Each structure stands twice: as C-alpha cells, then as structure tokens.
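Provided below are the primary sequence and the corresponding predicted coordinates.
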Amino acid sequence: MYELFEHTADLGLQAEAATLNELFADAGLGLSSMIVEDVTAVRPLVEQSFDIAGTDREYLFFDWLRELLYRFDTEQLVFVKFEVLIDESGLKAVAWGEPLEPERHGRSHEVKAITYHELKVERTADGWLAEVIVDI
C-alpha cells in the first residue's frame, strides 16, 4: 500500500507493507502514480531487470526509485508490476510496464528527482514503512 502526500513545493511518498520486498514494489507503483494519472491504464508489456548493490536500506530504497525514474526519463517507461528480492548484497528486481502514452495514461506530475530529504525505511510492528520526498 502506498500513499502520496503534499510537501511544500514537492511531493511525498509513504509506503507500508508486510515485507521489505513488498515495500519496494509498492513504492515503485507509488512513483508511477506520481507520473501518470491512471496507473490502471498502464499495461505490463515491457520487462526490465534491475540489479542494485548495497546494504543500507535507505540508500537502496533511494537508488531503486532513482533507477525507476531514470528509466522513465530515458526510455519513457512507466512500470506497474514488480517482483523485488532484497538480500544481503542488494536488490534484484524485474518490473513490467509500457512506454508512456499521455493521451491514455494522462500525466500527473513531472518528477524531477528523488531526494534524501526525510528519507526513511524502518521496521514497524506490522512490517515495514518507507517515506521519501520527490522534487516535482
């Protein structure tokens, strides 16, 4: 589950999930919902693999979202389905989506960058919580 929240001139993303893998997948979908108005219109037609090294969860979370944003910026790919595996060496993931079609998907925000501001990934009583602010 993810939720967007306003943050001055920026936009925040908060994700909660039972597992760390689900947390990162939900945050990926949350990022896509910042970019397009209707994530349900995005079809999982194109498959992309991700391999991100790192042990710090917060930096790994930042790098994951930054890589998804990079793929959008360079290839115009919006992702809506994710399989994420986080282990002691980092993150391995596969994401599915399709190229942006503004007339079908709509545009929500122009996400310029993922920031370190208020970045957190922490264990909770119910699982995991992450928060990040993006520059729009």
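Here it is on my side, so go on.

Show the pLDDT at residue 28.
With respect to pLDDT, residue 28 scores 98.

What count of nearby residues applies to it?
Residues contacting residue 28 under the criterion other Cβ atoms under 10 Å number 25. C-beta coordinates here come from the backbone N, C-alpha and C atoms, glycine included.

what's the answer for residue 126, then?
9.

so it makes contact with residue 17?
No. In this structure residue 126 lies outside contact range of residue 17 using Cβ atoms under 8 Å: 9.0 Å.

The most centrally placed residue in the chain: what's it in contact with?
Nearest to the mean C-alpha position of the chain, by Cα atoms, centre = their mean, lies residue 28 at 2.4 Å. Neighbouring residues of residue 28 by Cβ atoms under 8 Å, 6 or more residues apart in numbering: 64, 65, 68, 79, 82, 84, 95.

and the fifth one, that's in a helix?
No. With DSSP: H, G, I helix; E, B strand; the rest coil as the criterion, residue 82 is assigned strand and is not in a helix.

And the contacts of the lengthiest helix in the chain?
Using DSSP state H, we find that the single longest helix of the chain is helix 57-75. By Cβ under 8 Å, 6+ apart, the list of residues contacting helix 57-75 from outside reads 13, 20, 24, 27-28, 31-32, 35, 48, 50, 52, 54, 77-79, 84, 86, 90-91, 93, 95, 99-100, 111, 113-114, 116, 119-121, 130, 132, 134.

Pull out the buried residues from that helix.
The neighbour-count check on helix 57-75 (16 or more other Cβ atoms under 10 Å) flags 57, 60, 61, 62, 63, 64, 65, 67, 68, 69, 71, 72 as buried.

Let me have these in TSV, extended by distance to residue 41 and pLDDT.
Output for the buried residues of helix 57-75, formatted as TSV (distance: Cβ to Cβ, whole Å; pLDDT from 0 to 100):
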residue	distance to residue 41	pLDDT
57	32	96
60	29	98
61	26	98
62	28	98
63	28	98
64	23	98
65	21	98
67	23	98
68	18	98
69	20	98
71	18	98
72	16	97
